[in-house]
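K.L.:
Fold the following.
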Amino acid sequence: MKEMLTATRMGMVLVCPRKHYWRYEVGLHAVVDGMALRFGTAWHAAMESRWQGKTSEQAFQDAVKDRTFDEITVATLAGLLDGYYERYAASECVKELHAEVEFRHPLAGSRTFDAGGKIDGLGVLQDGRLALVEHKTCGTDIAPESDYWLRLRFNQQVYQYVLAARALGWDVQVVIYDVTRKPSIRQKQGETAAAFSARLAADTRERPEFYYARREVPILEQDLAEFEVQRLALSRQILFFRAAARNARRPEHGWPRNCNEMTCKFCEF
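P.N.:
Below is the predicted model of the structure:
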């Protein structure tokens, strides 16, 4: 059976081949995922529940179910979710959505890898167009003029999903980025978690544009073609490092390290 080449795996090769070695070649996993990853996973669970027609409280329960968070993180999830429901209660650009769509299909040009992963959502817009819907959480500025949107210009995860959606028969032509910003306000001294959650929810109602943004981004065929070339190149790079590891004194030496503050600071290895 072929190996799976996901967007996460490709990103790890680009960030640090040595990290890829420990995670995908050796199979090591962190005992507990980082807080940012767990928060994002919980938010995606809440969004899936919302698309199923569940209430804010039900979505919150699905978000925290079987997950370990401190009380202030739980309060943050609740406050942001209340604000999100209110923000989009009267204006929904997506008429129908299929959430968490798994895929796996052959990677053209490779005898080793399949392309695989899970799409946040495949949606039908109010005007009938088919769209890829991406839910994201971040801690940076999401104002229309911010650099955040420029960095999404070439998102390999999204292009992986676009190709997968088309392989599944969804001729998507646009991406809807649904972004939620984590709060800048903090718990005050002596303030309970419940009180902080209520204050955060109130702040989202007063400043919804600070916390929530949706943007429609067209899919450019030239970027999609460039991604296909890059994806195949990354698959071959994995095989190159794997061959180098077989000839190295220690196998990990065949996988170069990328040591700097931004890569090592968040590395579980």
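K.L.:
Provide the contact partners of stretch 127-136 at residue level.
P.N.:
Outside stretch 127-136, the residues that touch it by C-beta atoms under 8 Å, 6 or more residues apart in numbering are 40, 43-44, 47, 94, 97, 119-125, 158, 161-162, 165, 170-180, 216, 219. In this view, the C-beta of every residue, glycine as well, is placed from N, C-alpha and C.
K.L.:
how does it look with 6 Å?
P.N.:
Stretch 127-136 has contacts (C-beta atoms under 6 Å, 6 or more residues apart in numbering) with 44, 47, 120-121, 123, 125, 161-162, 170-172, 174-179.
K.L.:
What ranges does the chain have for its strands?
P.N.:
3-5, 94-106, 113-125, 130-138, 174-181, 212-218 (DSSP state E).
K.L.:
Tabulate these in TSV, adding columns for mean neighbour count and mean pLDDT.
P.N.:
Converted to TSV, the strands of the chain look like this (neighbours: other C-beta atoms under 10 Å; pLDDT from 0 to 100):
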stretch	mean neighbour count	mean pLDDT
strand 3-5	18	97
strand 94-106	15	91
strand 113-125	20	94
strand 130-138	20	92
strand 174-181	20	93
strand 212-218	16	91
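K.L.:
can you tell me which of those strands comes nearest to I72?
P.N.:
Of all the strands of the chain, it is strand 130-138 that lies closest to I72, at 15.8 Å by C-beta to C-beta.
K.L.:
angle of the closest one against strand 174-181?
P.N.:
20 degrees (axes from the mean of the first three to the mean of the last three C-alpha atoms, to 10 degrees).
K.L.:
from now on call the first residue 20
P.N.:
Done: numbering now begins at 20, and the last item shifts to strand 149-157.
K.L.:
List the pairing partners of strand 149-157 within its sheet, with orientation.
P.N.:
Strand 149-157 sits in its sheet next to strand 132-144 (antiparallel), strand 193-200 (parallel), going by DSSP bridges.
K.L.:
how about that strand as PDB, C-alpha atoms only?
P.N.:
C-alpha atoms of strand 149-157 as PDB (Å, rounded to 0.1, in the frame of the first residue of the first chain):
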ATOM      1  CA  LEU A 149     -19.100  25.300  -5.400                       C
ATOM      2  CA  ALA A 150     -16.500  26.400  -2.800                       C
ATOM      3  CA  LEU A 151     -13.900  25.100  -0.500                       C
ATOM      4  CA  VAL A 152     -14.600  26.300   3.100                       C
ATOM      5  CA  GLU A 153     -11.500  26.700   5.300                       C
ATOM      6  CA  HIS A 154     -12.000  27.400   9.100                       C
ATOM      7  CA  LYS A 155      -8.900  28.900  10.700                       C
ATOM      8  CA  THR A 156      -8.000  30.300  14.100                       C
ATOM      9  CA  CYS A 157      -5.000  32.700  14.500                       C
END
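K.L.:
which residue is nearest the middle of the chain?
P.N.:
The centre of the chain sits closest to K155, judged by C-alpha atoms, centre = their mean, with a distance of 5.8 Å.
K.L.:
Distance of that one relative to A262?
P.N.:
For K155, the distance to A262 equals 36 Å [C-beta to C-beta, to the nearest Å].
K.L.:
Could you list every helix and strand that the top helix by length along the chain packs against?
P.N.:
Secondary structure of the chain per DSSP state H: the longest helix is helix 240-266. On a contact count with 3 or more C-beta pairs under 6 Å, 6 or more residues apart in numbering; DSSP states H and E, helix 240-266 meets helix 175-186.
K.L.:
what angle do the helix it packs on and strand 231-237 make?
P.N.:
Using the same axes, to 10 degrees: helix 175-186 against strand 231-237 is 60 degrees.
K.L.:
Just the CA trace of helix 175-186, in PDB.
P.N.:
Extracted C-alpha coordinates of helix 175-186, given in PDB (Å, rounded to 0.1, in the frame of the first residue of the first chain):
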ATOM      1  CA  GLN A 175      -0.400  24.300  -0.200                       C
ATOM      2  CA  GLN A 176      -3.000  22.800   2.100                       C
ATOM      3  CA  VAL A 177      -5.800  24.500   0.200                       C
ATOM      4  CA  TYR A 178      -4.500  23.500  -3.200                       C
ATOM      5  CA  GLN A 179      -4.200  19.900  -2.000                       C
ATOM      6  CA  TYR A 180      -7.800  20.200  -1.000                       C
ATOM      7  CA  VAL A 181      -8.900  21.800  -4.300                       C
ATOM      8  CA  LEU A 182      -7.400  19.000  -6.300                       C
ATOM      9  CA  ALA A 183      -9.000  16.400  -4.000                       C
ATOM     10  CA  ALA A 184     -12.400  18.100  -4.300                       C
ATOM     11  CA  ARG A 185     -12.200  18.000  -8.100                       C
ATOM     12  CA  ALA A 186     -11.200  14.400  -8.000                       C
END
